[in-house]
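A.B. asks: pasting the sequence and the predicted coordinates here, then a few questions.
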Amino acid sequence: MKPGTRLQLSIMMFLEFFTWGAWFVTLGTFLANNLSASGLETASVFSTQSYGAIIAPFIIGMIADKYFNAEKILGILHLLGAVLMFQMYRAESVSVFYPYVFAYMVGYMPTLALVNSISFRQMKNPEKEFSTIRVWGTVGWIVAGFSISYIFHWDSKEGIAAGMLKNTFAMGAISSLLLGLLSFTLPKTPPVKDKSQKDSISSILGLDAIKLLKSRNFLIFFISSILICIPLAFYYQNAHNFLEQSGLENSSGKMIIGQVSEALFILLIPVFFNRYGFKKTIMVGMIAWAVRYLLFAYGNADNLSFMLIIGIALHGICYDFFFVSGQIYTDAQAGEKYKSAAQGLVTLATYGVGMLIGFWVAGFITDYYTTNPVDNFWRHVWVIPSGIAVVVWLLFMVSFRDTKKEVIA
């Protein structure tokens, strides 16, 4: 890969995840404090991410794999996203906020697959090269969280009381605008066309990537991706609010530890892949979710604060060893014509179906224990996703066979 191309892709990844991290980490706290949202209202807002992910494969399959350059679609979606993010900044109630965040997530979620596709198309050896590009997305998320806590202090007690968390959406709008403009300068990533193949409804929508599910291993991976994202949703929806209520100061800044961990572990993925294979690598990621939630359940911000910090630090293993490994595995299994659609299919399974179920389960659990008070409220909340993660880990361990690459053409 040329140095100039590597720089462009690195900046793309940085802005892609800076834009997301700029507002998503503090969203639960913002909804509770600025818009007085209930648990199910919060779940409804977080679920827009899942709706966007469910729609994403259709957008990618219909457009990126068939008709238009991926980098141009990326630019258009981020320019529209900047406008919608500014409207989210101006919203003063959940009812006003919801339509804008829904439209934004429908446009943003496809970009996760697009940045991967654009990157993979420039690489000769994705298993070795992708992690060095993707790590800049983690750096972007870190810089966003650091800015919120230590530069602007929007998540301090005073900042939250003054409603300053809404400024995170303005910051996200600016970075989305920058990425939208940058996208038009990225390496050209035209669709892979097969003149001998007649277009059908399934091929136009990118549904041909479903052929991957004929592989027993990929089907198990797909189902496991859905199930493990149920406990993952608890983290996105509750972690920041939990840490704030626990009394952990500069919680957004502390959560940066998770992204630092992510940046370190993402570089170890090629080593784990070569030495232990895909199955063991992804199993480590799965069981890490169970461990981190137990640490949250039994830790506190006083004498057991180290348990909360360790739980945050496990994010690198939780995310990288499952999601990034899954992206590389999917790229290796997909045929050349369906790489973008295949990435969209995994987005559908993870950020779509799995998290949609998870957000609503998390919202229901939160409201249930709010209306039926118990001692150690958060302990009861965190034990549930920990148990789910253990069950998924066991199912994957006994059913997935770590075999050689088998491309579904």
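C.D. replies: Ah, there it is.

A.B. asks: roughly how far apart are the residue nearest the centre of the chain and residue 44?
C.D. replies: Geometric centre of the chain, nearest residue: residue 351, 6.5 Å, by Cα atoms, centre = their mean. For residue 351, the distance to residue 44 (Cβ to Cβ, to the nearest Å) stands at 16 Å. In short, each C-beta sits where N, CA and C put it, glycine included.

A.B. asks: poorly predicted segments of the stretch 251-400 of the chain, please.
C.D. replies: Residue ranges of the stretch 251-400 of the chain with pLDDT under 70: 335, 337, 340, 344.

A.B. asks: can you pull out the helices in it?
C.D. replies: Remark: helices assigned in the stretch 251-400 of the chain by DSSP state H, counting those that start in this stretch are 251-254, 256-266, 269-298, 305-313, 315-319, 325-333, 339-347, 355-371, 377-399.

A.B. asks: who are the packing partners of the first one?
C.D. replies: Spelled out, it's helix 251-254. helix 126-146, helix 216-246, helix 305-313 (3 or more Cβ pairs under 8 Å, 6 or more residues apart in numbering; DSSP states H and E).

A.B. asks: save the ones you listed as JSON lines, and put in distance to residue 190 and mean neighbour count too.
C.D. replies: Output for the helices and strands packed on helix 251-254, formatted as JSON lines (distance: least, Cβ to Cβ, whole Å; neighbours: other Cβ atoms under 10 Å):
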{"stretch": "helix 126-146", "distance to residue 190": "19", "mean neighbour count": "22"}
{"stretch": "helix 216-246", "distance to residue 190": "27", "mean neighbour count": "22"}
{"stretch": "helix 305-313", "distance to residue 190": "41", "mean neighbour count": "19"}
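
A.B. asks: tabulate the ones you listed (JSON lines), appending distance to residue 18.
C.D. replies: Converted to JSON lines, the helices and strands packed on helix 251-254 look like this (distance: least, Cβ to Cβ, whole Å):
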{"stretch": "helix 126-146", "distance to residue 18": "3"}
{"stretch": "helix 216-246", "distance to residue 18": "17"}
{"stretch": "helix 305-313", "distance to residue 18": "19"}
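
A.B. asks: closest to residue 182 out of these?
C.D. replies: helix 126-146 (12.7 Å; Cβ to Cβ).

A.B. asks: any idea which helix or strand comes after the closest one?
C.D. replies: Next in sequence after helix 126-146, counting helices and strands by DSSP states H and E, comes helix 157-161.

A.B. asks: list the contacts for residue 120?
C.D. replies: 126, 130, 331, 339 (Cβ atoms under 8 Å, 6 or more residues apart in numbering).

A.B. asks: from residue 9, how far off is it?
C.D. replies: Taking Cβ to Cβ, one finds residue 120 at 10 Å from residue 9.

A.B. asks: same deal with residue 46?
C.D. replies: 29 Å.

A.B. asks: kindly report the same for residue 374.
C.D. replies: Counting by Cβ to Cβ, the gap from residue 374 to residue 9 is 48 Å.

A.B. asks: higher neighbour count, these two?
C.D. replies: More crowded of residue 374 and residue 9, by other Cβ atoms under 10 Å: residue 9, with 24 against 11.

A.B. asks: correct me, but that one touches residue 122?
C.D. replies: Yes - here residue 9 reaches residue 122: they are 6.6 Å apart, a contact under Cβ atoms under 8 Å.

A.B. asks: what is in contact with these two at once?
C.D. replies: With Cβ under 8 Å, 6+ apart, residue 9 and residue 122 have common neighbours residue 187.

A.B. asks: for residue 224, what are its contacts?
C.D. replies: Taking Cβ under 8 Å, 6+ apart as the test, what residue 224 contacts is 286, 392, 395, 396, 400.

A.B. asks: how about a markdown table for the residues you listed, with distance to residue 93 and neighbour count added?
C.D. replies: Conversion of those to a markdown table gives the following (distance: Cβ to Cβ, whole Å; neighbours: other Cβ atoms under 10 Å):
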| residue | distance to residue 93 | neighbour count |
| --- | --- | --- |
| 286 | 38 | 24 |
| 392 | 37 | 24 |
| 395 | 42 | 16 |
| 396 | 42 | 21 |
| 400 | 46 | 19 |
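
A.B. asks: and which of the residues you listed is nearest residue 226?
C.D. replies: residue 392 (9.3 Å).

A.B. asks: didn't the closest one look like it was pressed against residue 227?
C.D. replies: Yes - contact criterion Cβ under 8 Å: residue 392 and residue 227 qualify, at 4.5 Å.

A.B. asks: what's the spacing between residue 40 and residue 354?
C.D. replies: Distance from residue 40 to residue 354, by Cβ to Cβ: 19 Å.

A.B. asks: over to residue 276?
C.D. replies: In terms of Cβ to Cβ, residue 276 sits 24 Å off from residue 354.

A.B. asks: more neighbours: which of these two?
C.D. replies: Taking neighbours as other Cβ under 10 Å, residue 276 and residue 354 compare with residue 354 leading, 24 against 13.

A.B. asks: residue 150 is in contact with residue 159, correct?
C.D. replies: No - at 11.8 Å, residue 159 and residue 150 do not qualify as touching, with contact defined as Cβ under 8 Å.

A.B. asks: what about the residue lying closest to residue 351 once chain neighbours are set aside, which helix or strand?
C.D. replies: Spatial nearest neighbour of residue 351, chain neighbours left out: residue 53 (3.6 Å); criterion: Cβ to Cβ, 6 or more residues apart in numbering. Secondary structure assigned from DSSP H and E places residue 53 in helix 39-59.

A.B. asks: which strands and helices sit next to that helix?
C.D. replies: For helix 39-59, the packing partners by 3+ Cβ pairs under 8 Å, 6+ apart are helix 27-34, helix 94-120, helix 216-246, helix 339-347, helix 355-371.

A.B. asks: what's in contact with the shortest one?
C.D. replies: Outside helix 27-34, the residues that touch it by Cβ under 8 Å, 6+ apart are 23, 37, 41-42, 45-46, 94, 155, 160-161, 163, 165-166, 168, 236-241, 244.
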